[in-house]
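Enquirer: Okay, sequence plus prediction incoming.
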Amino acid sequence: MKNKRHSIKDIAAVIGVSVTTVSFVLNGKAEEKKISKVVTDKILKYVEKIKYKPNQTAQSLRTGKSKIIVFMVEDISNYFFAKLARIMEDIAYKKGYKVLFCSNENNDEKSIDLINLFKDRQVDGYIIIPSAGIKSKIEELIEEGFPVILFDRYFPELDTNYVVVNNKEASYNATKHLIDNNFQHIGFVTIDVQQTQMIDRLNGYKEAITEAGFNENILKISLQDLTNYGGENSIQEFLEKTPKLDALYFATNYLALSGLKVLNENFPHYINKLGIITFDDLDFFGIYRPTISAISQPFSEIAQTLMNLMLSLLKNDIKGSPITQIKLKTNLVVRSSSQKR
């Protein structure tokens, strides 16, 4: 036989107090509401004895709060997003919140479907890595009073909360590092998208190259090739057409992985000749030979910043809260792949 699910009303009847008193105690407001320690202890011991669990749906309907935050990323299986998610989950849990993780695959239709689904489930707030065409949906969430934080990228024309890293400055410094180590024909491998983080990384590369008086060598991989082949076809063709390249700078870690695969399979003699650097570090880059230099994003600081901002938005009146836009610093991890040849 299925065990009976106890309600607050049942607990109140057994203890001999009001439903309101039980509710205050279970929500940690006993001291604030001046409920005696004797009554508080009696209620807490009884709920522990019966292993009481609140009905989350009913609680959500009653309070208008689900204690759930959405973290929507491009691909939750990506090392960067997965590691962030793990840290954020721990922070949220300690504050009484749960986090729902989902992947939008950089697809507008899927992003909008997911947002609509979560609105129906009455989630409390959204941390979103937005696909390119959902600006109006983000505006809709903000206008309806939902706490929203954009992460990794944002819409310049939309005044909203966001947390990003110093993409342009980091990219400039990485390119300058290669130039200072005597690399002159530096190829930049990126994705053909109009996203702020990718635009900033490209512009950082361009600024350093122009400043040095060198020629740009840019490969923009189409989303179709990226989806079908991981960009490997484009990278191979790029290397074949630009034999003078003496260094490669990859705009993401997954592009670097594709690039290393192409080099190993088709240009093994290049591995120890080319300077190589990538945006976003991986543990793998520290054990590959040669070890790969990388721009490392501050996982713990990003996670803590996102959660602190979200919890602040949830606590305060959204319409009265100032817009917060935060840019965090990255760290260039120099390894053997970018040293002077």
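Expert: Nice, I can see it. Predicted model, so just to flag it, every value in this text is computed and none were measured. Residues are numbered from 1 along each chain as shown.
Enquirer: Now do the strands in this protein.
Expert: In the chain, the strands defined using DSSP state E lie at 68-73, 98-103, 125-128, 148-151, 161-165, 186-191, 217-221, 247-250, 275-279, 293-296, 325-328, 331-333.
Enquirer: Residue 206: how many residues sit nearby?
Expert: The local packing of residue 206 (other Cβ atoms under 10 Å) involves 17 other residues. Just so you know, the C-beta spots here come from the backbone N, C-alpha and C atoms, and that holds for glycine as well.
Enquirer: no no, residue 116
Expert: By other Cβ under 10 Å, 11 other residues sit near residue 116.
Enquirer: repeat for residue 258
Expert: Neighbour count of residue 258, defined by other Cβ under 10 Å: 24.
Enquirer: pLDDT weak spots in the chain?
Expert: Across the chain, the ranges flagged by pLDDT under 70 are 1-5, 54-65, 317-318, 320.
Enquirer: ok, now which ones touch the most centrally placed residue in it?
Expert: With distances taken as Cα atoms, centre = their mean, residue 81 lies nearest the centre of the chain, 5.2 Å away. By Cβ atoms under 8 Å, 6 or more residues apart in numbering, residue 81 lies in contact with 73, 74, 75, 129.
Enquirer: gap between residue 297 and residue 325?
Expert: As judged by Cβ to Cβ, to the nearest Å, residue 297 and residue 325 stand 17 Å apart.
Enquirer: Where do the helices of this structure begin and end?
Expert: Under the criterion DSSP state H, the chain contains helices at 8-15, 19-26, 37-49, 56-63, 79-94, 108-120, 135-143, 167-180, 196-212, 223-229, 232-241, 253-266, 299-315.
Enquirer: Any buried residues in the second one, and which?
Expert: Pointing back at helix 19-26 there. For helix 19-26, the neighbour count (16 or more other Cβ atoms under 10 Å) marks 21, 22, 23, 24, 25, 26 as buried.
Enquirer: would you turn these into CSV with distance to residue 137?
Expert: Formatted as CSV, these follow (distance: Cβ to Cβ, whole Å):
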residue, distance to residue 137
21, 42
22, 40
23, 35
24, 38
25, 40
26, 36
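Enquirer: Report the buried members of the contacts of residue 81.
Expert: Buried by 16+ other Cβ under 10 Å: 73, 74, 129, out of those.
Enquirer: can you tell me how far the second one sits from residue 182?
Expert: When Cβ to Cβ is applied, the distance between residue 74 and residue 182 equals 36 Å.
Enquirer: do the same with the last one
Expert: Taking Cβ to Cβ as the criterion, residue 129 is separated from residue 182 by 37 Å.
Enquirer: same question, the first one
Expert: Summarising the geometry, the distance separating residue 73 from residue 182, computed by Cβ to Cβ, is 38 Å.
Enquirer: Please report phi then psi for the residue nearest to residue 206 when sequence neighbours are not counted.
Expert: Nearest residue to residue 206 in three dimensions, chain neighbours excluded: residue 216, at 6.2 Å (Cβ to Cβ, 6 or more residues apart in numbering). Main-chain torsions, residue 216, degrees, to the nearest 10: phi -80, psi 140.
Enquirer: show me the contacts for residue 216.
Expert: Residues near residue 216 by Cβ under 8 Å, 6+ apart: 188, 205, 206, 209, 210.
Enquirer: Using neighbour counts, trim these to the buried set.
Expert: Buried members of those, counted by 16+ other Cβ under 10 Å: 188, 205, 206, 209.
Enquirer: and which of those is nearest to residue 15?
Expert: Proximity of the buried ones among the contacts of residue 216 to residue 15 (Cβ to Cβ) peaks at residue 205, which lies at 67.1 Å.
Enquirer: wouldn't that closest one be in contact with residue 179 here?
Expert: No - Residue 205 lies out of contact with residue 179 (Cβ atoms under 8 Å); the separation is 10.6 Å.
Enquirer: Common neighbours of the two, please.
Expert: Listed as contacting both residue 205 and residue 179 by Cβ under 8 Å, 6+ apart are residue 186.
Enquirer: and the buried ones among the contacts of residue 216 as TSV, adding distance to residue 115?
Expert: Below are the buried ones among the contacts of residue 216 laid out as TSV (distance: Cβ to Cβ, whole Å):
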residue	distance to residue 115
188	33
205	33
206	34
209	39
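Enquirer: With distance to residue 119 added, can I get the strands of the chain in JSON lines?
Expert: Below are the strands of the chain laid out as JSON lines (distance: least, Cβ to Cβ, whole Å):
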{"stretch": "strand 68-73", "distance to residue 119": "10"}
{"stretch": "strand 98-103", "distance to residue 119": "12"}
{"stretch": "strand 125-128", "distance to residue 119": "9"}
{"stretch": "strand 148-151", "distance to residue 119": "12"}
{"stretch": "strand 161-165", "distance to residue 119": "18"}
{"stretch": "strand 186-191", "distance to residue 119": "30"}
{"stretch": "strand 217-221", "distance to residue 119": "34"}
{"stretch": "strand 247-250", "distance to residue 119": "37"}
{"stretch": "strand 275-279", "distance to residue 119": "33"}
{"stretch": "strand 293-296", "distance to residue 119": "35"}
{"stretch": "strand 325-328", "distance to residue 119": "24"}
{"stretch": "strand 331-333", "distance to residue 119": "38"}
